[in-house]
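Chemist: Fold the following and give me the result.
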Amino acid sequence: MLKIKIDYPRRDDEVKIMRAYSQTEVPGVNAVVTPDEIHRIRRMVEGIYVDPKIETYVLDMVFATRQPDAHKLQDLKPLIQYGASPRASIYLLKAARAHAFLRRRGYVVPEDIRAVGLDVLRHRVTVTYEAEAENITSEDIVNKIFNTVEVP
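Modeler: Numbers count the residues shown, from 1 in each chain. Reported below is the predicted structural model:
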């Protein structure tokens, strides 16, 4: 669903990790939520309202990776080998709903799409050899799409 970039831990954090994994005693695990609570929260997230304009925005983003010239992004056409698949639309909407839920809102706004968009799309756009030769990444392409496609 997502490709999240995570940096290496700081030195002091890595010391804690190293010490925790070098112990012979297995640390105890305490449940934070029950399976029933997880199911209830998932149903709540699935119930977050998505306006048809937001659905159109999601589709505009995804289709811009496939047909950049139709979205005023002609310069991206030679840089994209493969655009995002329909799973990108599905996961972009799911992640946006989860983001709205975490922000304590019962509806998705364009900022939710933008907040999760790079993590959902960065690994779903394959760049051409030309793009690689110019050091243009899928992240660069996705960012340009988000900065160009009109927000509802």
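
Chemist: switch to C-alpha atoms for all contacts and neighbour counts from now on
Modeler: Noted.

Chemist: Farthest from the middle of the chain: give me that residue.
Modeler: Distance from the C-alpha centroid of the chain peaks at Thr24, with 37.7 Å (CA atoms, centre = their mean).

Chemist: That one: what secondary structure?
Modeler: When classified by DSSP: H, G, I helix; E, B strand; the rest coil, Thr24 comes out as coil.

Chemist: Going forward, count from 594.
Modeler: In the new count, where the first residue is 594, that last one comes out as Thr617.

Chemist: So it versus Ile610, what's the distance?
Modeler: Per CA to CA, to the nearest Å, Thr617 is found 14 Å from Ile610.

Chemist: Also His716?
Modeler: 28 Å.

Chemist: And for Phe694?
Modeler: Counting by CA to CA, the separation of Phe694 from Ile610 is 31 Å.

Chemist: Could you check which of the two is surrounded by more residues?
Modeler: Applying other CA atoms under 10 Å to Phe694 and Ile610 shows that Phe694 carries more neighbours, namely 20 against 12.

Chemist: a helix runs through that one, doesn't it?
Modeler: Yes. Counting by three-state DSSP, Phe694 falls inside a helix.

Chemist: Leaving out sequence neighbours, find the closest residue to it.
Modeler: Among residues not flanking Phe694 along the chain, Val638 sits closest, at 6.2 Å (CA to CA, 6 or more residues apart in numbering).

Chemist: list the contacts for the one you found?
Modeler: Contacts here follow CA atoms under 8 Å, 6 or more residues apart in numbering; on that basis Val638 touches 690-691, 694.

Chemist: Can I get the helix or strand harbouring Arg612 in PDB? Just the C-alpha atoms.
Modeler: Using DSSP states H and E, Arg612 maps to helix 604-614. The C-alpha coordinates for helix 604-614 follow below in PDB (Å, rounded to 0.1, in the frame of the first residue of the first chain):
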ATOM      1  CA  ARG A 604      23.300   6.700  17.500                       C
ATOM      2  CA  ASP A 605      21.700   6.700  20.900                       C
ATOM      3  CA  ASP A 606      18.600   5.000  19.600                       C
ATOM      4  CA  GLU A 607      20.700   2.300  17.900                       C
ATOM      5  CA  VAL A 608      22.400   1.600  21.200                       C
ATOM      6  CA  LYS A 609      19.000   0.900  22.800                       C
ATOM      7  CA  ILE A 610      18.100  -1.400  19.800                       C
ATOM      8  CA  MET A 611      21.400  -3.200  20.100                       C
ATOM      9  CA  ARG A 612      21.100  -3.700  23.800                       C
ATOM     10  CA  ALA A 613      17.500  -4.900  23.500                       C
ATOM     11  CA  TYR A 614      18.300  -7.500  20.900                       C
END
